[in-house]
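S.K.: Sequence plus the predicted model coming up.
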Amino acid sequence: MGNTDTVLVVGGGIVGLSTAYYLLRAGMPVEVVERSTVASGASLGNAGWVCLSHSAPVASPGVVRHALRSLGRPDSPVYLRPVANLVPWLLGFWRNSTQSRFERGYLAVANLNRDTFELFEELRESGVDTGLSRPGMVHAFLSPARARHHLDVQRMMAGGRYEVPADVTLGDEARDLDPSLAASVGAAYLVPGEGVVEPAALARSLRDRVQALGGKVRENVEVSGFQRSHGMVTGLRTNQGDLACGAVVIAAGMWSPGLLRRIDRPLPVQAGKGYSFTVDLDPAPAHTLYFGDHNLVASPMNGTTRIAGTMELSGNNNRLDWRRVVALARASRHYLGNWFTHADELPGLIRDPWVGGRPLLPDTLPVIDRIPGHGNAFLNTGHGMLGVTLGPASGRAVAEFVHTGQRPGVLEPFRFDR
């Protein structure tokens with residue numbers, strides 16, 4: 001099946017489908033291969049943010065100390081459960097959590113992210129129903145000191161790419177920034193223009209547009225191996241037969257490392273498991289909300305509110321720990337008020353509890369590069385919590401790389417061998 005000119009894109013999430021879209025726009029025949037269904041992975045239940053002001057790597061000063069304090073505490077915002085092969089990854093994470101590496105990573109992502117809203121507008125004009133709205137993002141804190149510190153960091157890193165206020169807003173005026181904020185919020189500030197989408201709907205619309213442009217999307221097709229000849233990938237072995245190709249892009253999120261092991265190119269990826277659920281709130285948030293003291297978020301989505309957050313390092317699995325859902329709900333009450341009284345109420349109040357593995361390398365930056373030793377094989381994965389925001393930007397960049405054979409300069413920080 002397939003032909004020797006086709007670019008096979010492995011992965012039917014927002015990153016993979018964005019890559020396929022831009023390859024098609026460059027005039028290349030494309031087939032997307034998805035092991036399950038479109039938007040079944042990390043694209044399904046995330047917060048749907050499209051934003052410039054949250055380009056920071058997870059690896060940052062102080063985060064390792066915070067993670068170590070969470071050992072044995074499944075109710076912590078950052079939960080670390082020792083599992084095999086986690087120690088080497090944590091050592092790499094610790095080495096990348098210096099201030100200088102944090103700033104370099106922030107700048108690299110911000111540069112890749114620079115045209116994000118323009119790309120979303122181009123997608124809309126081309127027929128993709130992005131569903132993007134731009135209500136702005138309110139950053140809410142219990143502590144004015146924490147709010148000012150966070151605003152200072154954002155102002156330093158913004159570099160004129162997005163607008164930040166001169167100071168935080170305190171007390172009752174802070175709560176006036178969004179109708180859903182509770183009396184316990186002590187300080188807040190608004191970054192205007194930040195956006196939100198319903199991620200699964202975006203992925204489905206991208207699939208439809210890829211098909212309308214002549215691309216194929218094969219769902220429930222699992223890759224089991226590669227056909228190779230003289231340093232080139234000539235095809236994929238799948239559970240539905242072999243697929244010939246002229247090039248391949250692996251954009252399979254948490255499944256990417258397993259595929260890379262089949263061509264002897266291990267990639268140190270851990271699942272940064274995030275949780276979410278949907279709830280009806282009154283009043284509901286009018287903006288996307290970032291709750292800075294507890295590192296959780298809320299997004300207005302289809303007339304409801306999606307609450308998401310936590311970072312769980314407990315192995316590469318999708319096991320849902322109900323204690324983490326309860327912890328997320330309890331933490332949200334600091335900012336959204338007492339929308340429930342006891343944890344026993346939650347099964348009747350929330351919908352679609354979800355856990356998903358966000359692919360994280362030790363420096364928590366994506367890898368967008370040619371796979372070493374394979375002239376026509378490329379990688380576009382490791383986006384962590386920025387898959388929706390960075391999907392179009394990284395898809396466009398890797399499509400240019402595949403089409404021209406020349407690495408775009410913006411991808412230099414995301415090399416495989418960095």
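M.R.: Everything's here; your move.
S.K.: mind listing the helices for the stretch 251-400 of the chain?
M.R.: Taking DSSP state H, counting those that start in this stretch as the criterion, the stretch 251-400 of the chain contains helices spanning 256-261, 322-336, 346-349, 387-404.
S.K.: Same check on the stretch 101-250 of the chain?
M.R.: Assigned by DSSP H, counting those that start in this stretch, the helices in the stretch 101-250 of the chain fall at 116-125, 144-158, 171-175, 199-212.
S.K.: what's the angle from the first one to helix 199-212?
M.R.: Angle of helix 116-125 versus helix 199-212, following axes from the mean of the first three to the mean of the last three C-alpha atoms, to 10 degrees, is 60 degrees.
S.K.: and the gap between the nearest residue to Leu142 once chain neighbours are set aside and Gly186?
M.R.: Closest residue in space to Leu142, ignoring its immediate chain neighbours: Asp293 at 4.9 Å, by C-beta to C-beta, 6 or more residues apart in numbering. (C-beta placed from N, C-alpha, C; glycine too.) For Asp293, the distance to Gly186 under the criterion C-beta to C-beta, to the nearest Å works out to 10 Å.
S.K.: For these two, list the residues in contact with both.
M.R.: A shared contact of Asp293 and Gly186, defined by C-beta atoms under 8 Å, 6 or more residues apart in numbering, is any residue touching both; here these are Phe141, Leu142, Ser143.
S.K.: Look at the closest residue to Phe378 other than its chain neighbours and report its pLDDT.
M.R.: In space, not counting the residues next to it along the chain, Phe378 is nearest to Val249; the distance is 4.6 Å by C-beta to C-beta, 6+ apart. We have a pLDDT of 98 for Val249.
S.K.: which ones are touching Val249?
M.R.: Residues in contact with Val249 (C-beta under 8 Å, 6+ apart) are 7-10, 16, 19, 23, 377-380, 398, 402.
S.K.: Please repeat the previous calculation with a cut-off of 10 Å.
M.R.: If a contact means C-beta atoms under 10 Å, 6 or more residues apart in numbering, then Val249 has 7-11, 15-16, 19-20, 23, 30, 32, 368, 371, 376-381, 395, 398-399, 401-402 as its contacts.
S.K.: which one of the shared contacts of Asp293 and Gly186 sits closest to Ala203?
M.R.: When those are compared for distance to Ala203 (C-beta to C-beta), Phe141 comes out closest, at 32.4 Å.
S.K.: Apart from its neighbours in sequence, what residue is nearest the closest one?
M.R.: Ala147 (3.8 Å).
S.K.: which residues touch the one you found?
M.R.: 139-141, 167-170, 174, 185-189, 292-293.
S.K.: Looking at those residues, which is nearest Leu328?
M.R.: Sorting the contacts of Ala147 by distance to Leu328 puts Asp293 at the head of the list, at 13.8 Å, by C-beta to C-beta.
S.K.: what pLDDT does the closest one get?
M.R.: At Asp293, the pLDDT value in this model is 89.
S.K.: any idea how far His150 is from it?
M.R.: Relative to His150, Asp293 is positioned 10 Å away (criterion: C-beta to C-beta).
S.K.: who touches both of those two?
M.R.: Between them, Asp293 and His150 share the contacting residues Phe141, Ser143, judged by C-beta under 10 Å, 6+ apart.
S.K.: Run through the strands of the stretch 251-400 of the chain in chain order.
M.R.: Listed from the start of the chain, the stretch 251-400 of the chain has strands (DSSP state E, counting those that start in this stretch) covering 270-279, 288-291, 296-301, 304-313, 351-360, 367-370, 377-381.
S.K.: nearest residue to Arg265 other than its sequence neighbours?
M.R.: Distances taken as C-beta to C-beta, 6+ apart put Ile371 closest to Arg265, at 5.7 Å, once the chain neighbours are dropped.
S.K.: tell me the contacts of the one you found?
M.R.: With contact set as C-beta under 10 Å, 6+ apart, Ile371 has these partners: Val233, Val248, Val249, Ile250, Leu260, Ile263, Arg265, Leu267, Ala377, Phe378, Leu379, Phe416.
S.K.: hmm, back to that, may I see the strands of the stretch 251-400 of the chain arranged in a markdown table, with mean neighbour count as well?
M.R.: Formatted as a markdown table, the strands of the stretch 251-400 of the chain follow (neighbours: other C-beta atoms under 10 Å):
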| stretch | mean neighbour count |
| --- | --- |
| strand 270-279 | 23 |
| strand 288-291 | 26 |
| strand 296-301 | 24 |
| strand 304-313 | 23 |
| strand 351-360 | 20 |
| strand 367-370 | 24 |
| strand 377-381 | 27 |
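S.K.: Please name whichever of the ones you listed is nearest to His342.
M.R.: Judged by C-beta to C-beta, the one of the strands of the stretch 251-400 of the chain that comes nearest to His342 is strand 270-279, at 15.1 Å.
S.K.: May I have the strands that pair with the closest one, each with its orientation?
M.R.: Applying DSSP bridges to the sheet, strand 270-279 is found paired with strand 304-313 (antiparallel), strand 351-360 (antiparallel).
S.K.: what would those look like in JSON lines with distance to Val221 and mean pLDDT?
M.R.: Converted to JSON lines, these look like this (distance: least, C-beta to C-beta, whole Å; pLDDT from 0 to 100):
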{"stretch": "strand 304-313", "distance to Val221": "29", "mean pLDDT": "93"}
{"stretch": "strand 351-360", "distance to Val221": "20", "mean pLDDT": "95"}
